[in-house]
Structures are given as structure tokens and as C-alpha cells.
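J.: sequence first, predicted coordinates after that:
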Amino acid sequence: MQYLLLIHDEEEKLERMPTDEVRSVIGEYRALTQAIKDSGAYVGSNRLSSVAKAATVRVRDGEIVVTDGPFAETKEQLGGYFLIDVETLDEALEWAARIPSARLGSIEVRPLYGDAAGGETSGDAPLYTLLFYSDEQVTSKRPEEDRKAVVAAYGALAEELRERRQYVAGAPLKPVATATTVRVRDGEEVVTDGPFAETKEQLGGFFLIESPSLEEACEWAARVPAAQYGSVEVRPIMPVPAEVPAA
């Protein structure tokens, strides 16, 4: 089964870290990434740019509303993810506890519905994550016919992105009731049921796309069904400096 390990950090704390400590943490991430690859569990991973570069897209009454900043203002921000394929939740939690940010912030572990199917891109443009948020209590009460229409709309959007060779990956997440959050404090692993933060809208899935600009990425975000009843956070991917050595 595939699990998304959502990495939450306190950006201000990271910005105050000495350079040597930052290099050490990045080195740990590189070593962990290689360990997951060696285990055969690795599907993908990305580091997100700062929330200062985020944009949130909503569509209300047919009007596209784009605001600067992330979906929610919280102490810890979504800073990246690993997508892994393992047999059990326990194994996913073990990997989550080894992520450096488990010591600094928290890791939300969420199973996917099915697998995150990959696509083929041109490889010439920046990558953006489109993170979907919606109120699960509202969406769960929709008539079955409406839910099928929404699923079909997501499928059609993904297919169009594939045809344009801008689709990298995408998947819906299971409800927040299936989420588990992992923290490591003073060497002790603390596992709690539920998502990283209790909010009105919950993270429900993502697209990872290739787009020449943030503006075009926001245009795609406006076409995501969740933009009509929730919101879509658009975050650029941050490349990790190649010169940083592994720990």
C-alpha cells in the first residue's frame, strides 16, 4: 500500500538554524532517501518552497480567487513529502520516525486511495504541487451521483494534464480518520492518531505538475473540483543543492 509522509516544519526555526546544522539535516535527508530507495519502498519525494511562495486558489460562484500564502496559518508548515510503498502502516510509521523533521516538527502519515500513477513530462519547466483541501463532513454527505461526477472530473483533469505532458503524479488521500502523526522528542517516538492539525478543511489529495509559471499552475488549480467547495494550495518544488554531502 502507498503512504504519503507529509513533512511539517516550523519555517522560522529552520531559518534561524546555523548553516552547518542545516547542511547536516539536508545530509540526513539524502541518506534517508537512499535508504528508502535501497529498501524498494521509494515511490517519490519532494521538498516544497517556503510558504511565502505559496498561492491558494478558490472558485466561488464561477469567480477564481487567488490569495498569497498557504491554505492555513499554523505554527508548523507543510515542507515536503515522501511517497512510499510498504506492506503495513507500522512500517510507514517506522520510516516517518526516521525523517529529520520528526525531531523538529511532525510527520503526518496518510494512506492513498489506490496508487499515485506517474506521468511523462517534458522536463523543461518547474514543478508545482496542487494540494487539495475540503471539508470532509460536507463532502461525505453528497449524493452518490454527485460524488461520481467529482471523481470523473478529477480523472478528466488528470488525463488532460497527461496529454499535455505536464502530469507528474497525483492521488486522493484517505480521510483524516486514517491519519497518524509521528514526532520524535528527546529520542522518544510519539505517535498520535489523526492529522497534523485540526482545521475546517482537510488535505484530501494532490497533483504534482510541470508548469512554466505559477500563473499557469494556478489556472490548473482553479480547475481542480475541490477549488469550488474548498481550496487548492499551489506550492513550487524546491530543488535540494547537489553540493550538500550525505551525513
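T.: Looks like it came in fine. Numbering: from 1, shown residues only.
J.: isn't Val22 right up against Leu14?
T.: Yes - at 7.2 Å, Val22 counts as touching Leu14 under the criterion of C-beta atoms under 8 Å. (C-beta placed from N, C-alpha, C; glycine too.)
J.: which one's more surrounded, the two?
T.: Neighbours were counted for Val22 and for Leu14 using other C-beta atoms under 10 Å; Leu14 has more, 17 against 13.
J.: for that one, grab phi and psi.
T.: phi -60, psi -40 (degrees, to the nearest 10).
J.: lowest mean pLDDT among the helices and strands of this structure, which one is it?
T.: helix 11-15 (a mean of 82; mean pLDDT, DSSP states H and E).
J.: pull the CA atoms of that one into PDB?
T.: Extracted in PDB, the C-alpha atoms of helix 11-15 (Å, rounded to 0.1, in the frame of the first residue of the first chain):
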ATOM      1  CA  GLU A  11      10.000  27.500   8.900                       C
ATOM      2  CA  GLU A  12      11.100  30.300  11.200                       C
ATOM      3  CA  LYS A  13      13.000  27.800  13.400                       C
ATOM      4  CA  LEU A  14      14.700  26.400  10.300                       C
ATOM      5  CA  GLU A  15      15.700  29.800   9.100                       C
END
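J.: shaky segments in this protein?
T.: Across the chain, the ranges flagged by pLDDT under 70 are 240-247.
J.: can you pull out the helices in it?
T.: Here the chain has its helices, by DSSP state H, at 11-15, 19-39, 89-97, 101-104, 136-139, 144-163, 214-222, 226-229.
J.: for Pro172, find the nearest of those helices.
T.: With C-beta to C-beta as the criterion, Pro172 lies closest to helix 144-163 of those, at 7.4 Å.
J.: and that closest one, what does it pack against?
T.: strand 167-172, strand 202-210 (3 or more C-beta pairs under 8 Å, 6 or more residues apart in numbering; DSSP states H and E).
J.: mind giving me a markdown table with those and columns for mean neighbour count?
T.: Putting the helices and strands packed on helix 144-163 into a markdown table (neighbours: other C-beta atoms under 10 Å) gives the following:
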| stretch | mean neighbour count |
| --- | --- |
| strand 167-172 | 21 |
| strand 202-210 | 24 |
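J.: Glu63: neighbour count?
T.: By other C-beta under 10 Å, neighbour count at Glu63 equals 8.
J.: again with Glu215
T.: 11.
J.: residue contacts, it?
T.: Shown in contact with Glu215 (C-beta atoms under 8 Å, 6 or more residues apart in numbering): no residues.
J.: Lys75 now?
T.: Lys75 sits next to Glu10 when contact means C-beta under 8 Å, 6+ apart.
J.: just list the residues touching Gly123, thanks.
T.: Going by C-beta under 8 Å, 6+ apart, Gly123 touches Glu210.
J.: one more: the one 10 residues further on?
T.: Under the criterion of C-beta under 8 Å, 6+ apart, the contact list for Tyr133 reads Phe71, Thr199, Glu201, Gln202, Leu203, Gly204, Ala226, Gly230, Ser231, Val232, Glu233.
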